[in-house]
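Asks: Quick check, what structure comes out for this input:
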Amino acid sequence: MKREIDWKEISDGKLYSLNDMVKADCGDCKGCSACCQGMGHSVTLDPLDCFRLTVNLNCTLEELLAEKLELHVVDGIVLPNLKMGGNEERCGFLNQEGRCGIHSFRPGICRLFPLGRIYDEQGFQYFLQVHECRRENRAKVKVRKWIDTPDAKRYEKFVSDWHFFLKRLERKLEEDEDQALANKISMYVLKQFYLMPYDRDQDFFDQFGKRLEASSFL
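Replies: You can find the predicted model right below:
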């Protein structure tokens, strides 16, 4: 999601990579779930997020969209996000104790928080959002450990590829200003990268790469 702000104004002014230490460790949150409430449409899900959810919950994306997820326009493209519900606008995956019910396969944005990403032509680096987490006196932790994602380098490549693919589509839509085209592209993205099932027994990144290559005509 595009944010029209200077990252230095909301961070400690430093950029981090996987093997750097950063003050992000919230000590298992100690019962706090503030970042899982009132987030609006901001927890956007990428294809890997949805793959992990459907595999671990043994369901389809359509079933999740019926209750736990919703669709929202992000920079011109319709994408899924975690749905906030009830008076407190809580994530539907929070249990009664305010703990995450999908923590081991939680979405990438949840793994990242309170870190953010800043992109350049080569990829991205991480930065610490200093005003987002309510927890004070956070401990230092290696970025690689904090994001808690197997095969972190391949994951970073996936994140970059997906980001730049969406940015290319965004520029295309800005140039054309054609709502019918925007609808067509959104439906293609949803079907190609989300709704069409991935083979659970095959490598996700390889499957994603083939779908991305097949979409180069856009």
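Asks: Relative to residue 37, how far out is residue 136?
Replies: 19 Å (CB to CB, to the nearest Å). The C-beta positions use only the backbone N, C-alpha and C, and glycine is treated the same way.
Asks: Give me the more crowded residue out of these two.
Replies: Legend: neighbour count by other CB atoms under 10 Å for residue 136 and residue 37, higher for residue 37 (14 against 6).
Asks: how about the nearest residue to that one, chain neighbours excluded?
Replies: Nearest residue to residue 37 in three dimensions, chain neighbours excluded: residue 90, at 5.0 Å (CB to CB, 6 or more residues apart in numbering).
Asks: Double-check the one you found against residue 84; I have them as touching.
Replies: Yes. With contacts counted by CB atoms under 8 Å, residue 90 reaches residue 84, the gap being 6.4 Å.
Asks: what's the overlap in contacts for the two?
Replies: Common contact partners of residue 90 and residue 84 (CB atoms under 8 Å, 6 or more residues apart in numbering): residue 37.
Asks: These two: which has the busier surroundings?
Replies: For residue 90 and residue 84, the more surrounded residue by other CB under 10 Å is residue 84, and the numbers stand at 20 against 17.
Asks: what about that one, distance to residue 43?
Replies: According to CB to CB, residue 84 stands 8 Å off from residue 43.
Asks: Now list whatever residues contact both of these two.
Replies: residue 91.
Asks: All the strands of the chain, in order from the start?
Replies: With strands called from DSSP state E, the chain shows them at 21-25, 69-74, 77-82, 84-85, 90-91, 115-120, 123-128, 139-142.
Asks: Among the ones you listed, single out whichever gets nearest to residue 203.
Replies: Of all the strands of the chain, it is strand 123-128 that lies closest to residue 203, at 20.9 Å by CB to CB.
Asks: Alpha carbons of that closest one, as CSV, please.
Replies: What follows is strand 123-128, C-alpha atoms only, in CSV (Å, rounded to 0.1, in the frame of the first residue of the first chain):
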residue,chain,number,x,y,z
GLY,A,123,14.5,-4.4,-4.0
PHE,A,124,13.8,-3.2,-0.4
GLN,A,125,15.2,-2.7,3.1
TYR,A,126,13.5,-2.7,6.4
PHE,A,127,12.9,0.2,8.8
LEU,A,128,11.5,0.4,12.3
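Asks: Flag the shaky bits of this protein, pLDDT-wise.
Replies: 1-5 (pLDDT under 70).
Asks: Now do the helices in it.
Replies: In the chain, the helices defined using DSSP state H lie at 47-57, 61-65, 108-112, 143-147, 152-176, 179-190, 204-214.
Asks: Contact partners for the nearest residue to residue 133 once chain neighbours are set aside?
Replies: Spatially, and ignoring its direct neighbours in sequence, residue 133 is nearest to residue 114 (4.1 Å; CB to CB, 6+ apart). Listed by CB under 8 Å, 6+ apart, the contact partners of residue 114 are 24, 26, 35, 128-130, 132-133.
Asks: Reformat these as a markdown table; add distance to residue 104 and neighbour count.
Replies: Output for these, formatted as a markdown table (distance: CB to CB, whole Å; neighbours: other CB atoms under 10 Å):
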| residue | distance to residue 104 | neighbour count |
| --- | --- | --- |
| 24 | 19 | 24 |
| 26 | 17 | 19 |
| 35 | 18 | 19 |
| 128 | 24 | 22 |
| 129 | 24 | 16 |
| 130 | 28 | 14 |
| 132 | 23 | 13 |
| 133 | 21 | 19 |
